[in-house]
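*Asks:* Fold the stuff below for me.
(2 chains)
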Amino acid sequence: MSPGEDLVRVDRLVKSFGNTRAVRAASFSVAAGEIHALCGHNGAGKSTVVKMLSGQEAPDDGAILIGDQVVDLRSRRVAQRNGVALVDQELSVVPSLTVAENLMLGDLRARWINRPRAAGRRLRTLLDSVGLAHVELDRPLGELGIGERQLIEIARALGQDARLVILDEPTATLSDVESAYVYEAIRNVAATGCAVLFVSHRLGEVLDLCDKVTVMRDGAVVATTPVAELTLDSLIVQMLGEAPLRLGRRTAADVEGAEVLTVSGLSVPGRVRDFSIALRAGRVYALAGQLGSGASDVLRAIAGLLPSASAELTVDGTAVRLGHPAGAIRAGIAFVSNDRKAEGLFLRRPVSWNLLATRLPQVTRLGVLDPRRWSEALAVLLDLCGLDRKRTTHAVGSLSGGNQQKVFVGRCLGRDDVRVLLLDDPTRGVDVGGRAAIHALLRDATDRGMAVLFSSTELEELGDLADVVVTMHQGEVVRRHEGDTADTVLLREMTHGASTALVEERP
Amino acid sequence: MRSRSLRRPETLVPLSSVAIMVVAFALIPAYTDSAIAPFDVYNTFQIFARLGLLALALGLTMIAGEFDLSVVGTYALGGMLAVQTGQEHWVYGLLAALAAGAVIGLVQGGVIAGLKLPSMPVTLATYITLLGLTSALSGGLTKTYSNASVTLWVDQTVLTFFSPRSLLTLGLFLLAAVVLSFTRWGRELRAIGGDRRASQVAGVRVDRLIVGTFMLSGMLSALGGSLLSFSLGSANPDPGVQPLIVAAAAALLGGLSLAGGRGNALGLLGGIMAVALLAEIVTVAALPGYVTQLFFAGLLGVIVVIDAPDLHRALVRQRTRLRPEGNPTSMLSRKRELS
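*Replies:* Purely as a prediction, here's the structure:
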């Protein structure tokens, strides 16, 4: 099949879950050799389309055509046999297997007998292509970090000689350097005549990487547009139907509150060296660092989650012992993890339950839930977070990623006993609208006298939200920035540290 | 690299269990009058052969993230079928037992995979059903096996330490080790135990694997039961719960995890050998039965603690507290200084 011809065609796909119509008559096509983006607000139906294309859900109506043949993708296996490879939205590698075993998992070409030597060279090249030259093939995957695991899943999909590779938010957990490797690898795969369907919330990368963009809204396809005709703003308008509210950047001359939290000499063996910071009430501080820079470890250490950490820590002048999460909470430190599914929410429990789980003393009387206090507290929080009242009884797991994150953040708000809010990558996997809402929540929290410290790698977020940005690289603070700093400076410090000579990275 | 792999629980746990038991075994002359005879080793392998296949059957389902309680039921039924249909020729008996094991596994695996049920209640029901079925087959009586030449053959001494029965069991363990490590089937079995959703997304046919694993587990248990019946010259309709508890303990001592995905057949072999050594020590030293249980409990306690994630965390915390400046003094020498 020559490039330019339509390789994959989605024809009026329909899918309902119960009473909700997740996808209504969605049609688009992807040509061979084309990198095609699928964009949309959370809940627009992208993931459902991906599930149908990859054999995880059967469409209620409509057809999927691959190479002019109508295919019935009953299972992942059948989809793979039809040449569809997938990087799932959720990390789908097995920690108890080795790197090589994960790369071969589910591969149709894998023989009955493993021949690691024969496959070794191919797997090695594959790993190198996503920037994992330093990872040995026989290491158990469980010893690697989240970013490296994600890269291995991407390598697995790209290495399957598929006709269509679907990547559902592949870079959500990756740093910019790691993402750059992934873009390069995707371009190489597309150059071999493979069709690529790329789902992402990072609109910048969509515009840089992709050839065409299909935008979905409320289960229907809004438009398919060549990327040359799009700008960031026009893309956002397509997604949201209107230009979203973007908060103006706060000036650094704002109220200077009292010191709430001080950290000095924070060290985590092998992760962070001698980190110090003082947070003032009413201000937002950011730790800007790629994966492995130690930014996330600093937050976890302050929250008491790293037993090996050592530091002098005070909240409102009182010393706090490190390494005890319960002690940190008592001192008024609230932590929002970057993994809301494993370390945050009770996914099967209703929204109300999740929002109030951490404030039981306020909604109970003599140890028994007081329904009146419960519903009052709930109403306040729902308004604060902008969540739909009708959905309070729904399980949190059924909400979109953005709304889940709102619940997670909202749980720490509206409380007098929380002095410091720590957030590790607070808008991971959250769409533009949800991101603006979470930023507004954080602003609101600081207005009430909290100090906020968050980590992020996204320049846009750092610029929009933070009063003070501290860049980190390889476990050490590079520099502290107040007021406006050029994005290029931040990015360079995050990727190269303090060295003034700009090292040329592989694109 | 090697020290890192030694520290993994699936290696560390079976190694320490076997090491403890070998030391205890080697010390037999210290607390009895008798020296260790080759017969003691032979006997240890006989005990291993009696329970090995049961532990292997259970262990394979544990690695796949399931738990097959019915193995003992299949073990009893297999033993009974082997005696009742194998009176003319042992081959008929063995085939009948294996076929029954396969059918039981097929039905259980089909129900568990097809209806997405947890394996515990399903296999518990099967276990009880099979015990009843075995009793019904035999009228609740122990049946004797009249073909004495088979009985003599399976337990004859081979190479001083072994019998055909223990060699066959050992062979199956080695086969299982090779299959688990070096075939696609083994890799996918460990994958579905490690993370079922991820395996499904990766394109592993999870349902088929579960059915296959339960069939294999049924056949191994039935084979184990048949070999035992041939060896004893009789089949008992009720083996009791002891074999199941011993097999589960052996699996845990072998570094397997109830959560699934962890462990390998060689570790499992270590676990069951530790159990066999313990039983042999108790026999040789003529200790009362409760000593076995107490010792067992102690050993399991030690293993569970070695395996505990919180212990590692506590050790790390202690270590950093003792040497805040990255002092190269090792844990051990530091401990010695303190004591």
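
*Asks:* Please make it C-alpha for all contacts and neighbour counts, starting now.
*Replies:* Fine.

*Asks:* Look up phi and psi at A:D316.
*Replies:* phi 50, psi 40 (degrees, to the nearest 10).

*Asks:* now it, nearest residue through space, not along the chain?
*Replies:* Nearest non-adjacent residue to A:D316, counting by Cα to Cα, 6 or more residues apart in numbering or on different chains: A:V260, 4.8 Å away.

*Asks:* got it, and A:D484?
*Replies:* A:G463 (7.7 Å).

*Asks:* B:I47 now?
*Replies:* With sequence-adjacent residues excluded and distances taken as Cα to Cα, 6+ apart, B:I47 is closest to B:A276, at 5.5 Å.

*Asks:* From what I see, that neighbour and B:G52 are in contact.
*Replies:* No: judged on Cα atoms under 8 Å, B:A276 makes no contact with B:G52 at a distance of 9.2 Å.

*Asks:* Quick one: name the residues of the stretch 101-250 of chain B near chain A.
*Replies:* Within the stretch 101-250 of chain B, the positions near chain A by Cα under 8 Å from any Cα of the partner chain are B:182-185, B:187-188, B:190-191, B:194-195, B:197-205.

*Asks:* and if we set it to 7 Å?
*Replies:* Taking Cα under 7 Å from any Cα of the partner chain as the contact definition, the stretch 101-250 of chain B meets chain A at B:182-184, B:187, B:191, B:194-195, B:198, B:201-204.

*Asks:* Restricted to helices, list those residues.
*Replies:* Within those, residues falling in helices by DSSP state H are B:182, B:184, B:187, B:191, B:194, B:198, B:201-202.

*Asks:* Sketch out the low-pLDDT regions of chain B for me.
*Replies:* When residues are selected by pLDDT under 70, those of chain B lie in B:1-4, B:309-310, B:312-313, B:316-317, B:319-339.

*Asks:* which residues of it fall in strands?
*Replies:* Using DSSP state E, the strands of chain B run over residues B:143-144, B:234-235.

*Asks:* could those strands be laid out in a markdown table, adding mean neighbour count?
*Replies:* Listed next are the strands of chain B as a markdown table, based on neighbours: other Cα atoms under 10 Å in any protein chain shown:
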| stretch | mean neighbour count |
| --- | --- |
| strand B:143-144 | 18 |
| strand B:234-235 | 25 |
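
*Asks:* The ones you listed: which one's closest to A:A223?
*Replies:* strand B:234-235 (73.5 Å; Cα to Cα).

*Asks:* Parallel or antiparallel, list what pairs with the closest one.
*Replies:* In the sheet, strand B:234-235 lines up against strand B:143-144 (antiparallel) (DSSP bridges).

*Asks:* Distance from the chain centre to the partner strand, please.
*Replies:* 27 Å (Cα atoms, centre = their mean, to the nearest Å).

*Asks:* Same question for stretch A:216-235.
*Replies:* Between the centre of stretch A:216-235 and the centre of its chain there are 21 Å (Cα atoms, centre = their mean).

*Asks:* Name the residue in B:A276 and B:G52 with the higher neighbour count.
*Replies:* The neighbour comparison of B:A276 against B:G52 (other Cα atoms under 10 Å in any protein chain shown) goes to B:G52, with 31 against 26.

*Asks:* The more buried one: what's it in contact with?
*Replies:* By Cα atoms under 7 Å, 6 or more residues apart in numbering or on different chains, the contact set of B:G52 is B:169, B:272.

*Asks:* Can you tell me how far it is from chain A?
*Replies:* 25 Å (Cα to the nearest Cα, to the nearest Å).

*Asks:* how many other residues sit next to the closest residue in space to B:L232 that isn't next to it in sequence?
*Replies:* In space, B:L232 comes closest to B:T151 once its chain neighbours are excluded; the distance is 7.0 Å by Cα to Cα, 6+ apart. Using other Cα under 10 Å, B:T151 has 19 other residues around it.

*Asks:* next one: A:T318
*Replies:* Neighbour tally, A:T318, other Cα under 10 Å: 12.

*Asks:* ok so, going back, over to the residue nearest to A:D316. Which of the three states is it?
*Replies:* Using DSSP: H, G, I helix; E, B strand; the rest coil, the structure places A:V260 in strand.

*Asks:* Now do the contacts for it.
*Replies:* Contacts of A:V260 (Cα under 7 Å, 6+ apart): A:279-281, A:315-316, A:451.

*Asks:* JSON lines for those, including neighbour count and pLDDT?
*Replies:* JSON lines is the format used below for the contacts of A:V260 (neighbours: other Cα atoms under 10 Å in any protein chain shown; pLDDT from 0 to 100):
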{"residue": "A:L279", "neighbour count": "22", "pLDDT": "91"}
{"residue": "A:R280", "neighbour count": "23", "pLDDT": "90"}
{"residue": "A:A281", "neighbour count": "23", "pLDDT": "89"}
{"residue": "A:V315", "neighbour count": "20", "pLDDT": "91"}
{"residue": "A:D316", "neighbour count": "15", "pLDDT": "90"}
{"residue": "A:A451", "neighbour count": "29", "pLDDT": "91"}
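
*Asks:* For A:Y285, find the nearest of the strands of chain B.
*Replies:* strand B:234-235 (74.5 Å).

*Asks:* Show the contacting residues for A:L421.
*Replies:* Contacts of A:L421 (Cα under 7 Å, 6+ apart): A:333-335, A:451-453.

*Asks:* ranges for the helices of the stretch 51-200 of chain B?
*Replies:* B:71-85, B:90-114, B:119-138, B:148-154, B:164-182, B:184-194, B:196-202 (DSSP state H, counting those that start in this stretch).

*Asks:* Please report how far B:A251 lies from chain A.
*Replies:* 17 Å.

*Asks:* again, but for B:L277
*Replies:* Using Cα to the nearest Cα, we find B:L277 at a distance of 30 Å from chain A.

*Asks:* tally of neighbours for that residue?
*Replies:* The burial count for B:L277: 24, using other Cα under 10 Å.

*Asks:* Quick check: it touching B:T44?
*Replies:* Yes: the criterion here is Cα atoms under 7 Å, and B:L277 meets it with B:T44 at 5.8 Å.

*Asks:* separation between A:R419 and A:G332?
*Replies:* 5 Å (Cα to Cα, to the nearest Å).

*Asks:* before we move on, what about A:P361?
*Replies:* 15 Å.

*Asks:* what about those two, which has more around it?
*Replies:* Set A:P361 next to A:G332 and count neighbours by other Cα under 10 Å: A:G332 wins out with 22 against 13.

*Asks:* ok, now which ones touch that one?
*Replies:* A:417-420.

*Asks:* what's the neighbour count on residue 290?
*Replies:* No chain specified, so I'll use chain A. So A:Q290, with other Cα under 10 Å, has 25 neighbours.

*Asks:* let's do chain B instead
*Replies:* For B:Y290, using other Cα under 10 Å, the count is 10.

*Asks:* What of A:V165?
*Replies:* A:V165 is flanked by 28 other residues according to other Cα under 10 Å.

*Asks:* what do you get for A:R448?
*Replies:* Using other Cα under 10 Å, the number of residues around A:R448 comes to 16.

*Asks:* Also B:L95?
*Replies:* 20.

*Asks:* Please list all residues in contact with the closest residue to it other than its chain neighbours.
*Replies:* Of all residues not flanking B:L95 in the chain, B:A82 sits nearest, at 7.9 Å (Cα to Cα, 6+ apart). Contact analysis of B:A82 by Cα under 7 Å, 6+ apart lists B:93-94, B:96-97, B:226.
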